[in-house]
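following is a predicted model, sequence given first.
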Amino acid sequence: MAILNKTITYTQMYIRLQISKYLNKCGGIIGHVGDGNFHVFFGVDTENQEELAELKDLADQIAYLALDNNGTMTGEHGIGLGKKHLVEKQVGSGSYRVMKLLKNSIDPKNLMNPGKIF
């Protein structure tokens, strides 16, 4: 538990530093951290492309923070379209190739969830 507490504290500090300019838009960092899951919520103006791009970059930074510390970028809710470009980094290139091979074997016409991961 001490390692988890240290990791959570480090992660919260990192995120707060990274999001400091968005604090007025941050809806909070919440989660069920006993099992290592947390979620960062932002209010973002989706019409402001610059702001949207910055927050997408911030989401990637947070995902990389998790991956670089032997964590995952996803919990119980799945990868999601916003993080599909990071799947290979999370599972490794060998596993990624196997996943793609299985998908192509089962669904050669790409009828099931087209464009979701592959």
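The structure has been received and is ready for your questions. Residues are numbered from 1 along each chain as shown.

how about stretch 57-71: buried residues?
Neighbour counts over stretch 57-71 (16 or more other CB atoms under 10 Å) mark 58-59, 62-63, 65-66, 71 as buried. Every C-beta, even on glycine, is put in place using the N, C-alpha and C of the backbone.

so can I have JSON lines of these showing distance to Arg97 and secondary structure?
JSON lines is the format used below for these (distance: CB to CB, whole Å; DSSP: H, G, I helix; E, B strand; the rest coil):
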{"residue": "Leu58", "distance to Arg97": "30", "secondary structure": "helix"}
{"residue": "Ala59", "distance to Arg97": "26", "secondary structure": "helix"}
{"residue": "Ile62", "distance to Arg97": "26", "secondary structure": "helix"}
{"residue": "Ala63", "distance to Arg97": "21", "secondary structure": "helix"}
{"residue": "Leu65", "distance to Arg97": "26", "secondary structure": "helix"}
{"residue": "Ala66", "distance to Arg97": "23", "secondary structure": "helix"}
{"residue": "Gly71", "distance to Arg97": "23", "secondary structure": "coil"}
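
ok, those residues vs Tyr10, which is closest?
Comparing those against Tyr10 with CB to CB picks out Leu65 as the nearest, at 9.0 Å.

tell me the pLDDT at the nearest residue to that closest one once chain neighbours are set aside?
Take Leu65 and drop its neighbours on the chain: the residue closest to it by CB to CB, 6 or more residues apart in numbering is Tyr14, 6.0 Å away. Tyr14 is assigned a predicted lDDT (pLDDT) of 72.

touching, Phe118 and Lys103? I think so.
Yes. If you go by CB atoms under 8 Å, Phe118 and Lys103 touch, sitting 5.2 Å apart.

for the protein, which segments count as helices?
For the chain, helices defined by DSSP state H occupy the ranges 2-18, 49-68, 87-91, 93-106.

Serialize those to TSV and add fields for distance to Val40.
Below are the helices of the chain laid out as TSV (distance: least, CB to CB, whole Å):
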stretch	distance to Val40
helix 2-18	6
helix 49-68	6
helix 87-91	18
helix 93-106	26
